[in-house]
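In: what's the 3D shape of this:
(3 chains)
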Amino acid sequence: MHDLLFEAYGPQHWWPAKTRFEVILGAYLTQNTSWKAVERSLANLRAAGAMTVDGLRSLTLRKLQLLIQPSGFHTRKAHALKKFVALLDDEFAGSLKKLASAPTAALRARLLALPGVGPETADAILLYALGHPVPIADEYLRRIAERHRLLIPAPGHSRKGYESLTTLTRQAFAADAPKSHARLFNEFHALTVAVGKAHCRRIAQCADCPLADDPHTAGDQSR
DNA sequence: CGCCAGGCCGTGT
DNA sequence: ACACGGCATGGC
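Out: This next block holds a predicted model:
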């Protein structure tokens, strides 16, 4: 899938951010939110000098909420971001570098324990901000996998479902590409979003899906 | 106007 | 364990 999508779409240049902390901010802000809206919040944060850990720490909660308002859920997300900085300060001396040097499994568990951090956000931070080789499962990948009969269709999206999709992705890469997983996971997730947007929103758009000459449109699936 | 977006969480069954 | 609604805003 990675190779087919890469051939069709080319490099996606993810994550669109300059610093690790900017990736983390984006990972929180883009939860169920279009990236376009996130860009406006990020611009606000940049203008306020809050694109760094120190900058964000010095903001009041209210001020932070105001700055990230354009990307929605600002009350929850502002709280969550403050809690992330608190974790960084309390357990890693305020250092993203120290945070990044923690073992992957323990770090993932610690991130998941934070409010506002679920599986996808945790993995996005691990992969795109901290450089850990973890795959990212998301709604797009689930749709694509089901559409192409790689995953048994399941009605709800349970946490367990995402964890199993994560495991399957990791195993698939482990079998076919033993090396450079971080780079492949990085590109694959970006490509997944690209093809998901282009072809998996509506069944009619699957005609020229790069993943298959014969798209599996027979089995319905409304999305 | 209605639907959706690069999810997560609390609550009820 | 799973389903379901709330969270907020802007694009299209």
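In: Spatially central residue (nearest the centroid) of chain A, please.
Out: A:Ala124 (4.0 Å; CA atoms, centre = their mean).
In: Identify the residues contacting it.
Out: Counting by CB atoms under 8 Å, 6 or more residues apart in numbering, A:Ala124 touches A:Trp15, A:Val23, A:Ala27, A:Ile136, A:His189. To be clear about C-beta, it is placed using only N, CA and C from the backbone, and glycine gets the same treatment.
In: mind giving me a markdown table with these and columns for pLDDT and neighbour count?
Out: Putting these into a markdown table (pLDDT from 0 to 100; neighbours: other CB atoms under 10 Å) gives the following:
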| residue | pLDDT | neighbour count |
| --- | --- | --- |
| A:Trp15 | 95 | 19 |
| A:Val23 | 98 | 19 |
| A:Ala27 | 98 | 24 |
| A:Ile136 | 96 | 26 |
| A:His189 | 96 | 27 |
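In: quick one on the thing from earlier: can I get the helix or strand containing the residue nearest to the centre of chain A in PDB? Just the C-alpha atoms.
Out: Using DSSP states H and E, the element containing A:Ala124 is helix A:119-124. The C-alpha trace of helix A:119-124 is given here as PDB (Å, rounded to 0.1, in the frame of the first residue of the first chain):
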ATOM      1  CA  PRO A 119      -4.100   6.600  20.600                       C
ATOM      2  CA  GLU A 120      -3.800   8.700  17.500                       C
ATOM      3  CA  THR A 121      -2.500  11.800  19.200                       C
ATOM      4  CA  ALA A 122       0.000   9.800  21.300                       C
ATOM      5  CA  ASP A 123       1.300   8.000  18.200                       C
ATOM      6  CA  ALA A 124       1.500  11.200  16.200                       C
END
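In: average model confidence for that helix?
Out: For helix A:119-124, mean pLDDT rounds to 97.
In: near DNA strand B at all, that helix?
Out: Yes: interface with DNA strand B: helix A:119-124 contributes A:Pro119, A:Glu120, A:Thr121, A:Ala122, A:Ala124 (CB under 7 Å from any atom of the strand).
In: and the gap between the residue nearest to the third one when sequence neighbours are not counted and A:Lys77?
Out: I take that to be A:Thr121. In this structure, A:Thr121 finds its nearest non-sequential neighbour in A:Ala27, 5.2 Å apart by CB to CB, 6 or more residues apart in numbering. The spacing between A:Ala27 and A:Lys77, counted by CB to CB, to the nearest Å, is 11 Å.
In: cool, A:Ile136 as well?
Out: Relative to A:Lys77, and taking CB to CB, A:Ile136 is found at 19 Å.
In: Contact distance from DNA strand B - what residues of chain A qualify?
Out: So chain A meets DNA strand B at A:14-16, A:26-27, A:30-35, A:37, A:72-73, A:76, A:114-122, A:124, A:128, A:138-140, A:162, A:193, A:197, A:201, A:223 (CB under 7 Å from any atom of the strand).
In: Could I get the contacting residues of the residue of chain A found nearest DNA strand B?
Out: Relative to DNA strand B, the nearest point of chain A is A:Gly118 (2.3 Å; CB to the nearest atom of the strand). Going by CB under 8 Å, 6+ apart, A:Gly118 touches A:Leu112, A:Arg159.
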